[in-house]
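1. structure for the following, please:
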Amino acid sequence: MPVQILSDPQIIQPYLSDESKVTGQAQSISFPECEAEIREVLLAVRQAHQTLTVQGARTGITGGAVPTGGHILNLSKLNRITGMGWDAERNCFLLSVQPGVQLNQLNKAIAEKSFDTTGWSAQAQSALRRFQQSGAWFLPADITETTASIGGMVSTNASGAKSYRYGSMRRHVLGLRLLLANGKSLSLRRGEQFAQDRQFSLRLDDGSQITGQLPAYRMPQVKNASGYYVHENMDLIDLFIGSEGTLGIVTEVTLALAPQPGFTWGMMAFFTREQNALAYVHALRALPQAEQPIAIEFFDQACLALIRSEQEQLHAHQNMPALSPAAQSAIYIEFNAKSLPERDEAINRVADLLNAAGGDEQATWLALSRQDLEKLVAFRHAIPESINRIIAERKRQHPNLTKLGSDMAVPDDKLDWVMKLYEDTLMQTGLEALKFGHIGDNHLHVNILPRNEAEYTQGKQLFEQWAREVVAAGGTVSAEHGIGKLKHALLAELYGTQALNEMRALKRCFDPQGLLNPGNMFPLEA
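-> Numbers count the residues shown, from 1 in each chain. Here you go, the predicted model:
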């Protein structure tokens, strides 16, 4: 039975937006349940001379899943874990998953070692038995929004707090299967197909080849999710990770799992001065690699004020302690340890660093159990949730308002500089803002909360100013959320017009008609 292509506006309406809160338009939608049905849709869309927007869980915040007309290809029903293997070279288990599998569902199946094995090969069944007899394993890719789909995480090269230790999604993807705009399939395994300098020739599954030239720009040497990932002699699987759905449609992902550490613990340290918090970050990052945290997160004075305003609710639901009135900033760190003695030694070491940086050991929250760790994670999540509530309230009076969230990162030696840049310019403008996020990677989210349309415009102009200065300092305009449809100007600031033209030329190698995800990463061509 052919896949249904639905054109009822009432069915389409809920799929016209994502977490960016931008709303698009579309003439039709489909929910394929296998690769063959995706190929059917591609053929129908090409014959109708339409474009196609691929969606997963729609958790992105840069508008990547917002359609610009044409057809919506929603992959939420491709949600099966399709097999397991053992990689002897890397000494790890592998999982093959469809793109619509959500991260929380995958994490649950891995933790419980329980899978629907319908259709699994005998080899996959054998690997599963070995997996069930081994210790605990996990997927190190850790992002804040656990309802995100695996396909979306691949398309954006997603990352999160623990990326400080474990890296972004790219590090954990060992295989990809994609359908190109012409319906042909491409299967990639890490370590098999490479560029020659910046020339590439990719072998498709039918034996044909796609050849082309990688863009000439140099990526900033920081945590980065801006534009195509390209460099000389690169493994070509990496070209598709973070390509925001512009080169092909992911139909299966092979992920590498890692052994679960014996103990995980966390600490929330509070400081009366932001300079002391920064000194603590520098001290933590100076630790030997084996002693490094897996996450280092920052919260400024405005974040703590917001938490205090929500304190009664947080205490009721999470049993969270009261915040000290003297606290002006906070640093959350998380560690893994193989044994209790190793954990206790690390706690003492971190406490010494905290005291030397001017922190207060007595005012620190220590989380040694899973339940206590969840309270600290709830603290982190409460900030963006509260921001969203504030903006939703303001939108009642000013419907065009959205929050403005930065996603920039700088080199290690520019951290203090960029913190001062944010603070000074925000003070000059008088805009309401909060700074928080992945300070271990010099990657702060500055959320501006405009109170009216004039402040919204002012905030966007400030972001453009920051982008110019961050790029000049060797940083990036997007470290984890990608460009989507909302940050075209920032990508142009990072790489320039010539680079955008080279990106378009690369896309045409795989999608000559501009069928896939038009408007993602760079503007639609006139």
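
2. how about the helices in the stretch 301-450 of the chain?
-> Secondary structure of the stretch 301-450 of the chain (DSSP state H, counting those that start in this stretch): helices at 301-309, 311-318, 340-356, 370-395, 415-429.

3. rank the ones you listed by pLDDT, which is bottom?
-> Mean pLDDT is lowest for helix 311-318 out of the helices of the stretch 301-450 of the chain, coming in at a mean of 59.

4. I'd like to know how far the residue positioned nearest the centre of the chain sits from residue 463.
-> The centroid of the chain falls nearest to residue 158 when counting by C-alpha atoms, centre = their mean (2.5 Å). The gap separating residue 158 from residue 463 is 22 Å, by C-beta to C-beta, to the nearest Å. No exception for glycine: its C-beta is placed from N, CA and C like everyone else's.

5. swap in residue 256?
-> When residue 256 is compared with residue 463 (using C-beta to C-beta), they lie 36 Å apart.

6. how does this protein divide up, domain by domain?
-> What automatic domain parsing lists as the domains of the chain is 9-74, 81-259, 263-472.

7. for the shortest one, what is the distance to the chain centroid?
-> Distance of domain 9-74 from its chain centroid, counting by C-alpha atoms, centre = their mean, to the nearest Å, is 20 Å.

8. span of it from start to end?
-> 15 Å (C-alpha to C-alpha, to the nearest Å).

9. then the longest one?
-> With C-alpha to C-alpha as the measure, domain 263-472 spans 41 Å from end to end.

10. again, but for the second one
-> Domain 81-259 has an end-to-end distance of 19 Å (C-alpha to C-alpha).

11. hmm, residue 120 is touching residue 83, no?
-> Yes - with contact defined as C-beta atoms under 8 Å, residue 120 reaches residue 83; the gap is 5.4 Å.

12. what sits in contact with each of these two?
-> Residues touching both residue 120 and residue 83 by C-beta atoms under 8 Å, 6 or more residues apart in numbering: none at all.

13. just to be sure, the residue nearest to the centre of the chain is in a strand?
-> No - in this structure, residue 158 is coil, not part of a strand, as judged by DSSP: H, G, I helix; E, B strand; the rest coil.

14. for it, give me its contacts.
-> 141, 143, 148, 152, 168-169, 480.

15. near residue 396, how many other residues are there?
-> 8 (other C-beta atoms under 10 Å).

16. one more: residue 524?
-> Residue 524: 12 neighbours (other C-beta under 10 Å).

17. likewise for residue 403?
-> 22.

18. doesn't residue 448 make contact with it?
-> Yes - with contacts counted by C-beta under 8 Å, residue 403 reaches residue 448, the gap being 7.0 Å.

19. which helix or strand in the protein has the lowest average pLDDT?
-> Lowest by mean pLDDT, DSSP states H and E among the helices and strands of the chain is helix 311-318, with a mean of 59.

20. and the strands in the stretch 151-300 of the chain?
-> 173-179, 185-189, 199-203, 209-213, 249-256, 258-259, 263-271, 295-299 (DSSP state E, counting those that start in this stretch).

21. would you turn the ones you listed into JSON lines with mean neighbour count, distance to residue 76 and mean pLDDT?
-> Below are the strands of the stretch 151-300 of the chain laid out as JSON lines (neighbours: other C-beta atoms under 10 Å; distance: least, C-beta to C-beta, whole Å; pLDDT from 0 to 100):
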{"stretch": "strand 173-179", "mean neighbour count": "22", "distance to residue 76": "17", "mean pLDDT": "98"}
{"stretch": "strand 185-189", "mean neighbour count": "19", "distance to residue 76": "21", "mean pLDDT": "98"}
{"stretch": "strand 199-203", "mean neighbour count": "16", "distance to residue 76": "28", "mean pLDDT": "97"}
{"stretch": "strand 209-213", "mean neighbour count": "13", "distance to residue 76": "29", "mean pLDDT": "97"}
{"stretch": "strand 249-256", "mean neighbour count": "24", "distance to residue 76": "13", "mean pLDDT": "98"}
{"stretch": "strand 258-259", "mean neighbour count": "14", "distance to residue 76": "27", "mean pLDDT": "96"}
{"stretch": "strand 263-271", "mean neighbour count": "21", "distance to residue 76": "31", "mean pLDDT": "95"}
{"stretch": "strand 295-299", "mean neighbour count": "24", "distance to residue 76": "29", "mean pLDDT": "97"}
